[in-house]
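S.K.: what shape does this take:
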Amino acid sequence: MRYALPAFILVALFAMLMLRGYVHSEILADHRIRPPAPTGQVPDKILEGGPVIDARDKADPKALTVPDHRLVLTFDDGPDPVWTPKVLDELKKYNAHAVFFVTGTMTSRHPELVERMVREGHEVGLHTFNHPDLSFQSTGRIDWELSQNQLALAGAAGIRTSLFRPPYSSFSDALDDKSWPVTQYIGSRGYITAFNNTDSEDWKRPGVDAIIKQATPKGTRGSIVLMHDSGGDRSQTVAALGRFLPDMKNRGYRFTNLTEALGAPSAHTEVTGPELWKGRAFVSAVAFSEATTEVLVVGLAVIGVLVFARFGLMLILSFAHARKVRRKGFSWGRPVTERVSVLVPAYNERECIANTVRSLMSSDHSIEVIVIDDGSSDGTADIVEALGLASVRVVRQQNAGKPAALNNGIRHARYDIVVMMDGDTVFEPSTVGELVQPFGDPRVGAVAGNAKVGNRDSLIGAWQHIEYVMGFNLDRRMYDLLGCMPTIPGAVGAFRREALERVGGMSEDTLAEDTDITMAMHRDGWRVVYAEKARAWTEAPESVQQLWSQRYRWSYGTMQAIWKHRGALVERGPSGRFGRVGLPLVSLFMVLAPLLAPLIDVFLLYGLVFGPTEKTIAAWLGVLAIQLVCAAYAFRLDRERLTHLVSLPLQQLLYRQLMYVVLLQSWITALTGGRLRWQKLRRTGAVEAPGVIPSPRRGADDRRPVA
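M.R.: Residues are numbered from 1 along each chain as shown. Okay, here's the model as predicted:
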């Protein structure tokens with residue numbers, strides 16, 4: 001399910017979008033209109049006869065006329081949700097019947113209006129599904145247009161009809177050598193084709209008086225009047241009906257259905273059995289697609305506005321944060337010079353642990369280092385002990401997980417400030433000193449450092465580098481000023497020991513112990529801040545599978561932490577402030593909004609293939625430009641080279657989808673009550689920090705270090 005469901009949801013989304021595009025004439029639509037052609041093949045009796053063509057007998061086609069004092073009002077292109085009800089209201093007011101030639105696209109979208117037409121005694125005819133000029137179409141396409149139109153009609157009103165009017169048609173004497181074969185073929189399929197002999201030209205919106213004048217037949221002649229209830233503003237048509245109907249009744253005319261005027265059986269046939277259920281299924285699918293895509297579009301628009309608002313807020317607050325901490329004379333309080341404890345939990349980190357410990361030995365702040373070996377089977381602890389460093393202690397324990405290792409380290413720590421890092425991370429010489437300075441403010445309980453991707457020379461590494469600089473560190477500047485930092489990164493964070501003891505240490509309740517402890521700090525009233533100069537270089541996953549495992553754990557752990565601390569939403573004081581600011585921000589932008597990420601690309605793909613391609617590309621490039629500006633600003637704040645931003649467009653297309661699948665899997669795991677175990681990522685030990693003495697173990701063929 002975890003692998004099939006994301007793919008199924010994407011396919012379903014695209015299918016719904018395709019169905020919506022189909023019933024909105026964005027897919028398979030043909031808007032060509034053929035110019036007039038010669039009339040040599042059209043029989044004279046057709047050209048000179050009435051507006052109704054019965055070509056069911058190909059050898060003897062007939063042209064039928066409407067008797068005197070009969071008016072057959074016909075409305076094309078509907079039903080329209082705005083104008084068709086108004087037209088029906090006018091007809092009902094004057095007890096008049098009419099014929100509505102409906103398209104399949106509009107019928108499937110507004111079936112209740114077609115059902116009302118039939119219920120109130122009006123006649124319904126086909127006007128094709130997508131409204132193409134049939135003289136351009138093959139017989140297969142004509143059959144498709146008719147069958148799909150009938151399918152929609154069956155689903156809407158439970159009937160079939162034998163009446164048909166071709167799109168772009170006018171009088172029967174306008175038939176030519178291109179349209180006459182179509183009329184013959186339509187007749188062979190059992191349909192009677194109804195043209196008109198009185199055109200109101202209401203589609204031009206010439207004014208109410210002009211519409212009435214053009215719709216009025218001469219003398220007492222029977223007539224088929226062409227009007228429209230869809231395709232634009234039909235207010236003039238509705239207004240004209242309010243005068244035309246009573247005026248013509250006063251002149252002795254009756255408004256009837258076409259078959260009634262011709263003295264023929266009703267054009268409607270009741271549909272039953274599989275054909276009825278197929279029609280209902282189709283109409284239901286269209287309704288579901290319309291509703292779903294509408295909700296998704298609205299949701300995407302809302303999320304888009306919120307994301308851009310967040311971008312703006314992030315840029316403003318990041319600028320304010322940088323200006324605050326970089327101004328001359330800025331200080332957190334008294335300088336922090338006392339010795340601190342650095343905890344390094346390690347499990348099978350033989351490739352990295354030596355580099356990690358050596359980087360700490362280059363620290364310009366006085367430290368003790370405690371390496372907590374969590375039951376490693378690869379000799380990690382032996383490697384550290386073999387280094388023979390006096391200020392480094394190794395604590396061995398049976399494998400119990402990272403939170404237990406950190407709590408064990410806290411118990412062995414001798415000092416009041418505890419720095420935590422990962423076993424695959426290296427510090428710069430100034431990192432510890434920069435990380436602990438905010439503790440000069442007695443209100444600060446924890447400090448987040450600046451985690452950086454060290455192995456950024458691969459494409460997947462470059463993508464994570466962009467994510468760390470833009471998505472994590474820029475966020476932390478904003479969250480710092482808002483007072484709701486959600487996560488102290490496990491790679492580089494520091495804690496006041498008193499604060500850790502007050503919240504009960506590192507919890508094993510979630511898989512994101514760093515997020516969990518940070519939220520607990522907020523709820524206990526401590527400030528959590530960001531130290532931009534406390535840089536740590538971490539080894540990011542180098543394969544899709546490793547990245548998947550890491551982010552799966554992060555996503556699931558974050559969801560666990562949010563749920564665990566949901567009580568902050570209704571609490572008072574610092575806890576309530578975090579609950580009503582921090583939790584919604586994290587939930588919206590880290591758990592909910594990413595689920596809509598693939599929708600952007602589905603709409604992009606649809607727009608490129610079926611929509612306005614130029615506008616779609618322009619919109620996507622516009623969004624990309626905004627992201628590029630934000631990323632460039634984040635890189636400038638972190639004093640990073642902009643060259644890695646070359647991969648940003650590809651990251652938006654591919655990396656986002658991976659994160660979507662990971663997040664969806666986390667949702668599935670959470671909703672199904674599944675449990676996710678810790679995963680150990682394979683490390684290479686290739687990352688070193690600038691200013692640290694390189695490891696003597698590196699060979700010529702090893703991956704080059706960041707330095």
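S.K.: residues in contact with the closest residue to residue 586 other than its chain neighbours?
M.R.: Spatial nearest neighbour of residue 586, chain neighbours left out: residue 486 (4.7 Å); criterion: C-beta to C-beta, 6 or more residues apart in numbering. C-betas here are computed from N, CA, C, even on glycine. Neighbouring residues of residue 486 by C-beta atoms under 8 Å, 6 or more residues apart in numbering: 479, 515, 518, 519, 582, 585, 586, 590.
S.K.: show me the shaky parts of the stretch 601-707 of the chain.
M.R.: When residues are selected by pLDDT under 70, those of the stretch 601-707 of the chain lie in 672-707.
S.K.: what is the host helix or strand of residue 558 packed up against?
M.R.: For residue 558, the host element (DSSP states H and E) is helix 544-564. Contacting helix 544-564 under the criterion 3 or more C-beta pairs under 8 Å, 6 or more residues apart in numbering; DSSP states H and E are the following elements: helix 459-466, helix 513-523, helix 573-586, helix 656-671.
S.K.: what's residue 175 sitting at in phi/psi?
M.R.: Here the main-chain torsion angles of residue 175 (degrees, to the nearest 10) amount to phi -60, psi 140.
S.K.: so how far is residue 163 from it?
M.R.: Look at residue 175 and residue 163: by C-beta to C-beta, to the nearest Å, they are 17 Å apart.
S.K.: likewise residue 169?
M.R.: If you measure residue 169 against residue 163 using C-beta to C-beta, the figure is 13 Å.
S.K.: cool, residue 645 as well?
M.R.: Residue 645 sits 62 Å away from residue 163 when distances are taken as C-beta to C-beta.
S.K.: check residue 507 too.
M.R.: For residue 507, the distance to residue 163 under the criterion C-beta to C-beta works out to 73 Å.
S.K.: three-state assignment of the residue of the chain most remote from its centre?
M.R.: Using C-alpha atoms, centre = their mean, the residue of the chain lying farthest from its centre is residue 219. It sits 60.5 Å away. Three-state call for residue 219 (DSSP: H, G, I helix; E, B strand; the rest coil): coil.
S.K.: nearest spatial neighbour of residue 595, skipping sequence neighbours?
M.R.: Using C-beta to C-beta, 6+ apart and skipping the chain neighbours, the partner closest in space to residue 595 is residue 663 (6.2 Å).
S.K.: from what I see, the one you found and residue 594 are in contact.
M.R.: Yes: judged on C-beta atoms under 8 Å, residue 663 makes contact with residue 594 at a distance of 5.1 Å.
S.K.: okay, these two: which has more neighbours?
M.R.: For residue 663 versus residue 594, neighbours defined as other C-beta atoms under 10 Å are more numerous around residue 663 (25 against 18).
S.K.: next up, the contacts around the more buried one.
M.R.: Residues in contact with residue 663, defined by C-beta under 8 Å, 6+ apart, are 555, 591, 594, 595.
S.K.: tell me which other helices or strands the longest helix anywhere in the chain touches.
M.R.: In terms of residue count, the longest helix belonging to the chain (DSSP state H) is helix 273-326. Other helices and strands packing on helix 273-326, by 3+ C-beta pairs under 8 Å, 6+ apart, are helix 4-23, helix 104-109, helix 139-157, helix 474-482, strand 527-538, helix 597-609, helix 613-637.
S.K.: mean neighbour count and distance to residue 85 added to these, as a markdown table?
M.R.: Rendered in a markdown table, the data for the helices and strands packed on helix 273-326 read as follows (neighbours: other C-beta atoms under 10 Å; distance: least, C-beta to C-beta, whole Å):
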| stretch | mean neighbour count | distance to residue 85 |
| --- | --- | --- |
| helix 4-23 | 17 | 20 |
| helix 104-109 | 28 | 13 |
| helix 139-157 | 21 | 15 |
| helix 474-482 | 22 | 50 |
| strand 527-538 | 23 | 58 |
| helix 597-609 | 18 | 31 |
| helix 613-637 | 15 | 32 |
